[in-house]
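A.B. asks: Predicted model, plus sequence, below.
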Amino acid sequence: MGETLDGGGVARERLRAQALVELALLLPFVLFLAVGTIELGRAFLALGTIEAGAYRGSTFAAFSLANAIDQAAIREAVVADWAPCR
């Protein structure tokens, strides 16, 4: 079965089989790490977006008492900061 004259064919097949088993064992962990890294990046992106919105809203509200009372204007100021995202 795949054996050559020098007898190296069987050893080569065993090495290929060993490599496939190692790949099957390690691939889920590697994929888990990759997906986890991507999700962690998305979480930090969301955190930054929320922090920027809170900063923009609090800055707008702190400008005057009229701005602090008007919640719709605060919301509009935060949304206007991301006008290209609309």
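C.D. replies: All right, it came through fine.
A.B. asks: Give the ranges of residues in this structure that sit below the confidence cut-off.
C.D. replies: Low-confidence segments of the chain (pLDDT under 70): 1-8, 83-86.
A.B. asks: And the helices in it?
C.D. replies: 8-63, 65-69, 71-81 (DSSP state H).
A.B. asks: Compute the number of surrounding residues for Ala77.
C.D. replies: 18 (other CB atoms under 10 Å). Any C-beta I mention is one placed from the backbone N, CA and C, and that applies to glycine too.
A.B. asks: Skip the chain neighbours and tell me the closest residue to it.
C.D. replies: Phe60 (4.0 Å; CB to CB, 6 or more residues apart in numbering).
A.B. asks: can you pull the contacts of the one you found?
C.D. replies: Taking CB atoms under 8 Å, 6 or more residues apart in numbering, we find Phe60 in contact with 67, 73-74, 77-78.
A.B. asks: one more time with 7 Å, if that's ok
C.D. replies: 67, 74, 77 (CB atoms under 7 Å, 6 or more residues apart in numbering).
A.B. asks: so how far is Gln18 from Ile50?
C.D. replies: Per CB to CB, to the nearest Å, Ile50 is found 49 Å from Gln18.
A.B. asks: Equivalent analysis for Thr59, please.
C.D. replies: 61 Å.
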